[in-house]
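Student: A structural model of the following input is requested.
(2 chains, ligands or ions: 5)
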Amino acid sequence: MAVTRTSSVPDMVVLSGELWQELLKLVTAQYKVIGPVRRGSEHVFAPVKDPRDIDMAYVTTILPPKKVFHQPFQVLFSFDTEEGTLAEEESGEEKVLWGIHPCDMHAIAILDKVYGIEYPDPYYLRNRENTIIVAKNCTEVGENCFCLSMGTGPALRSGYDLLLTDLGGRYLVEVGTEKGRKLLSGLELVPAPRVVLVEKEKRLSQARQKFKKRMITQGIQELLEENFRHPIWEELMRECLACGSCTMVCPTCFCYNVVDKIDLDLKTGKRQREWDSCMLLEYAQVALGQNFRRDRDARIKQRIYHKLLYYEPQFGTLGCVGCGRCIGACVKRIDITDVVSRLAESVESDR
Amino acid sequence: MSTKLKVSVYKLSSCAGCQLEFLNLEPVLLDLVGAIEFSYFPMARRRYEPGPYDIGFVEGAVTCGEEIERLKKARQECRILVALGSCACYGGLPSIKNWTPERVIVSRVYENSSLIHSIKAYGIDEYVQVDAYLKGCPVNKDELVEFIKGTLLGIRPRLRPHSVCVECKLNEYECISVIKREPCMGPVTTAGCGALCPSRGKACDGCRGPANDANAESLARTFSEYGLHRSDIVRRFRKFAGLTQEFSRGADAV
Ligand code: SF4
Ligand code: SF4
Ligand code: SF4
Ligand code: SF4
Ligand code: SF4
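Tutor: Numbers count the residues shown, from 1 in each chain, chains lettered A, B, ... in the order given. Ligands and ions are numbered 1, 2, ... in the order given. Take a look at the predicted model:
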């Protein structure tokens, strides 16, 4: 995509030491920044006041950055039944989402389709439009990452406003949009020579060598379609705790429940939505207690088939971006890549 | 004539921590007493009004014959009968004694056992029909208020049926189980406490009893992989709700 230049900020710069610090300071001073910070031995995306709190070396976060747009708890409106009035929340200030990885950027691109096309969702879109995304290519790889197999990383090609690549002590910063360029406008910058792109590619191909986990994607649709009654599902049913963690942490899951929080006066309150999960028993329950997915194996299949089979016809891409969060969060270590490999192996050995 | 809901609060074998939560509702207590009237609440009011009552909250496990009689009377005088807290829901902490012979337990606690006629500790639904269960040791204040609001409005209150993990993740607490390999009961325990213990860096103890699709056998196998001794696994599943089918399967799994 050609970038129309509106200022003197170059399309590509290399920042190190003081200039890098200065950028962080400028951005955190001017915007509400949400970036990766430590929580115990894990990381979360959280508002950053002091740029020193940002941990750019984070591998993954408990919840994905989608939470900024599709919030775990989102107030839709408040109501007053006596006055017969509704009031919507004010839209928030412009935010910067700092340092998100390519898998999560791809997931946001999927959610843009989910919430932006057929039934545009004003809440998601409002949060989304107000946010400047600074993405970061991955030069290090986590034990559960398999974006390489999914074609969603470790390098990002589009979707970002600014893109960072760690070149070892210095960052390559690439401008994706004018929104992104704005972030750099307070700095004295010189364009980076094109040769840094060689260095960038080198780092990224080194990263590609580091993946330990992979997902078999070739023929995956047929594989799943043909194995709906495979014994593996029963085995997983005995293992899975139906705890819902895998879906809570997934960057492409979009299911939610809507609940009314009524005040004690019983007249006013808030309508709120919160994330829901198909792994939970009550998810597919309807009136009179009928439940379409009472059995745990049906729910495990729903999750995995939704990610790997049902997204495709609807959104034109698989629903898994290979972030590995569902694997890392599962107390039972149920691994979506392993499930697919085992299906493929058993088909192979049947031949 | 007052249109306020008439509420009664009964106590069986328990620590009184659950009924104390009514008083801990202080910030909203005034609003609450605008809508309901504590007609019978010995802990808080000296004066009683006779039944019938709209809602009766029963705290505590049933551990002697006299309590069965009081419970049956409570059932008769209340339109809606609520098990308040895990003791009333499942037997709770008092039910720990159920796996030791009654005589042994009694002699461990009392010097003179001739006046003690203690029986196996059960939740109240062993003896009477129960309309709602407020789980927890103690109950969660927000759930308590949610329940009262639902009753006032005549709608089903929203009590979370799923695992503690959901709330733990929604709030992004560090996972005690995956990260520290500690035996967290969260995956099989009913949410509604906001994942209180993980929020303080502690493994869930299972105080709210089994979630709606608890797979306790599988979690027990994981505890065993974490290096927990069989007897510790049994204790974990019997601490608050060992009488439930779900948790007894956990206790029997390894
Ligand atoms: S299914 Fe798992 S690995 Fe794939 S995007 Fe969701 S959380 Fe990440
Ligand atoms: S159906 Fe399940 S897997 Fe699919 S988006 Fe919803 S929660 Fe996620
Ligand atoms: S995180 Fe694991 S145990 Fe929990 S519902 Fe998902 S697959 Fe099952
Ligand atoms: S800490 Fe416990 S409750 Fe929280 S996600 Fe982990 S297992 Fe579930
Ligand atoms: S986290 Fe577990 S033990 Fe702690 S309050 Fe909640 S249900 Fe009870």
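
Student: and residue A:324, how far is that from residue A:138?
Tutor: Separation of residue A:324 from residue A:138 (CB to CB, to the nearest Å): 12 Å. C-betas here are computed from N, CA, C, even on glycine.

Student: overlap in contacts of these two?
Tutor: Taking CB atoms under 8 Å, 6 or more residues apart in numbering or on different chains as the contact rule, the neighbours common to residue A:324 and residue A:138 are residue A:145.

Student: briefly note if stretch A:269-281 comes near ligand 4.
Tutor: No - in terms of CB under 6 Å from any ligand atom, no part of stretch A:269-281 sits within range of ligand 4; the closest distance is 12.7 Å.

Student: how long is that stretch end to end?
Tutor: Taking CA to CA, to the nearest Å, the first and last residues of stretch A:269-281 lie 28 Å apart.

Student: next, residue A:283: secondary structure please.
Tutor: Following DSSP: H, G, I helix; E, B strand; the rest coil, the label given to residue A:283 is helix.

Student: and what of residue A:79?
Tutor: When classified by three-state DSSP, residue A:79 comes out as strand.

Student: how close does the closest residue to it other than its chain neighbours get to ligand 3?
Tutor: Nearest non-adjacent residue to residue A:79, counting by CB to CB, 6 or more residues apart in numbering or on different chains: residue A:86, 5.3 Å away. Counting by CB to the nearest ligand atom, to the nearest Å, the gap from residue A:86 to ligand 3 is 36 Å.

Student: how about residue A:86, phi and psi?
Tutor: phi -120, psi 140 (degrees, to the nearest 10).

Student: lowest average confidence, helix or strand, in chain B?
Tutor: helix B:26-35 (a mean of 83; mean pLDDT, DSSP states H and E).

Student: orientation of the following helix or strand past it relative to helix B:26-35 in degrees?
Tutor: Using DSSP states H and E, the next helix or strand after helix B:26-35 towards the C-terminus is strand B:36-40. Put simply, strand B:36-40 runs at 90 degrees to helix B:26-35, going by axes from the mean of the first three to the mean of the last three CA atoms, to 10 degrees.

Student: neighbouring strands for strand B:36-40, and are they parallel or not?
Tutor: Here strand B:36-40 is paired, per DSSP bridges, with strand B:5-11 (parallel).

Student: packing partners of the least confident helix or strand of chain B?
Tutor: Secondary-structure packing of helix B:26-35 (3 or more CB pairs under 8 Å, 6 or more residues apart in numbering or on different chains; DSSP states H and E): helix B:141-153.

Student: what comes up buried for the helix it packs on?
Tutor: B:141, B:143, B:144, B:145, B:146, B:147, B:148, B:149, B:150, B:151, B:152 (16 or more other CB atoms under 10 Å in any protein chain shown).

Student: and the residue of the stretch 1-150 of chain B found nearest ligand 3, how close does it get to residue A:137?
Tutor: The nearest approach of the stretch 1-150 of chain B to ligand 3 comes at residue B:135, 20.5 Å away (CB to the nearest ligand atom). Here residue B:135 is placed at a distance of 47 Å from residue A:137 (CB to CB).

Student: how much space between the residue of chain A most remote from its centre and residue A:267?
Tutor: Going by CA atoms, centre = their mean, the residue of chain A most distant from its centre is residue A:82, 40.5 Å out. According to CB to CB, residue A:82 stands 5 Å off from residue A:267.

Student: would the helix or strand hosting residue A:348 count as contacting ligand 1?
Tutor: Assigned by DSSP H and E, residue A:348 falls within helix A:336-350. Yes - judged by CB under 6 Å from any ligand atom, helix A:336-350 comes into contact with ligand 1 at residue A:336.

Student: what pLDDT is listed against residue A:6?
Tutor: pLDDT for residue A:6: 48.

Student: over to the one 5 residues further on?
Tutor: As predicted, residue A:11 sits at a pLDDT of 96.

Student: likewise the one 5 residues further on?
Tutor: Per-residue confidence for residue A:16 comes out at a pLDDT of 90.

Student: also the one 3 residues further on?
Tutor: With respect to pLDDT, residue A:19 has a value of 94.

Student: same question for the one 3 residues further on.
Tutor: Looking at residue A:22, its pLDDT is 95.

Student: ok, now which ones touch the residue nearest to it when sequence neighbours are not counted?
Tutor: Leaving aside its sequence neighbours, residue A:22 sits nearest to residue A:187 (CB to CB, 6+ apart; 6.3 Å). By CB under 8 Å, 6+ apart, the contact list for residue A:187 reads A:9, A:19, A:22, A:23, A:26.

Student: and the first one, which of the three is it?
Tutor: When classified by three-state DSSP, residue A:9 comes out as coil.

Student: that one contacts residue A:188, correct?
Tutor: No - taking contacts as CB atoms under 8 Å, residue A:9 lies outside contact range of residue A:188: 10.2 Å.

Student: the more surrounded of those two?
Tutor: Between residue A:9 and residue A:188, counting by other CB atoms under 10 Å in any protein chain shown, residue A:9 is the more crowded of the two (20 against 7).

Student: without its sequence neighbours, what residue ends up closest to residue A:199?
Tutor: In space, and not counting its chain neighbours, residue A:199 is closest to residue A:167: 5.6 Å by CB to CB, 6+ apart.

Student: these two touch, right, the one you found and residue A:203?
Tutor: Yes - Residue A:167 lies in contact with residue A:203 (CB under 8 Å); the separation is 6.4 Å.

Student: which ones are touching the residue of the stretch 151-254 of chain B found nearest ligand 2?
Tutor: Of all residues in the stretch 151-254 of chain B, residue B:166 sits closest to ligand 2, at 11.3 Å by CB to the nearest ligand atom. Applying CB under 8 Å, 6+ apart, we find residue B:166 in contact with A:243, A:244, A:245, A:248, A:277, A:280, B:160, B:191.
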